[in-house]
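Engineer: Can you look at this prediction? I've put the sequence above it.
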Amino acid sequence: GENVEQHPSTLSVQEGDSAVIKCTYSDSASNYFPWYKQELGKGPQLIIDIRSNVGEKKDQRIAVTLNKTAKHFSLHITETQPEDSAVYFCAASEDYGQNFVFGPGTRLSVLP
Amino acid sequence: EAEVAQSPRYKITEKSQAVAFWCDPISGHATLYWYRQILGQGPELLVQFQDESVVDDSQLPKDRFSAERLKGVDSTLKIQPAELGDSAMYLCASSPGQGTAGANVLTFGAGSRLTVL
């Protein structure tokens, strides 16, 4: 089955700096790669996603890149703000929600 | 904005007791997921429904856990008897359904936090 690894497990950055979180996956059948943000005591919320026919996607300060050959994808957050502090999860799944597997998470702390 | 509803938000129980969690997905969403999230880890799938049918329950500990979605709308996850190791956040998510656009876009509820004493 699918296995998703995520690094780093914790990340601290100064406000205004950039943050990068990297994930790798094992199953070549996976073609959908979302990123979720989870704040304390809440369920994960989708912040951005990318499909395998796209190499990069951007939404304001957040971008995701995908290298399907190498089976890795990354989340980039620019101009970080204190409210970006949360746990971020990457995930991988097949076309229709099959084998939806999450990474172990990255705790991001943005220091004022 | 449509939400996935879960209850209770918090549950404290003693080991060997029974506990149940309820989930109401976004209206019209055919696929419903139950995940377990242990503190400090990513969510792990317990069971996936497509309408009222179980699609994947390979990771559900069937000796003590059961899940149902009788009318293909809301769902209940039950644990009996609860064990200390079951302490975790139980997350419900829904998506439009296999074969539809956005089928794998999951929307999560706020979760039910279980503490077993």
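Structural biologist: That came in fine, so what should we check first?
Engineer: Near chain B, which residues of chain A? Just list them.
Structural biologist: Counting by CB under 8 Å from any CB of the partner chain, the residues of chain A lying close to chain B are A:4, A:6, A:32, A:34, A:36, A:41-46, A:49, A:89, A:93-98, A:100-105. (Each C-beta comes from the backbone N, C-alpha and C, glycine too.)
Engineer: What is the burial count for A:Pro104?
Structural biologist: Using other CB atoms under 10 Å in any protein chain shown, A:Pro104 has 16 other residues around it.
Engineer: Buried only: go through the residues of chain A next to chain B for me.
Structural biologist: Buried residues within the residues of chain A next to chain B, counting neighbours by 16 or more other CB atoms under 10 Å in any protein chain shown: A:4, A:6, A:32, A:34, A:36, A:43-44, A:49, A:89, A:93-94, A:96-98, A:100-105.
Engineer: Show the pLDDT at residue 24.
Structural biologist: Here I'm looking at chain A. Note on A:Thr24: pLDDT of 97.
Engineer: wrong one, chain B
Structural biologist: Confidence at B:Asp24, expressed as pLDDT, is 97.
Engineer: quick one: low-confidence parts of chain B?
Structural biologist: Scanning chain B for pLDDT under 70 picks out B:101.
Engineer: Any residues of it in contact with chain A? List them.
Structural biologist: So far as CB under 8 Å from any CB goes, chain B lies against chain A at B:4, B:31, B:33, B:40-45, B:48, B:55-56, B:91, B:93, B:95, B:98-99, B:103-111, B:113.
Engineer: can you tell me which of the residues you listed are in helices?
Structural biologist: Secondary structure from DSSP state H places none of those in helices.
Engineer: Now find how far off-centre stretch A:76-87 is within its chain.
Structural biologist: Its chain's average C-alpha position is 12 Å from that of stretch A:76-87, according to CA atoms, centre = their mean, to the nearest Å.
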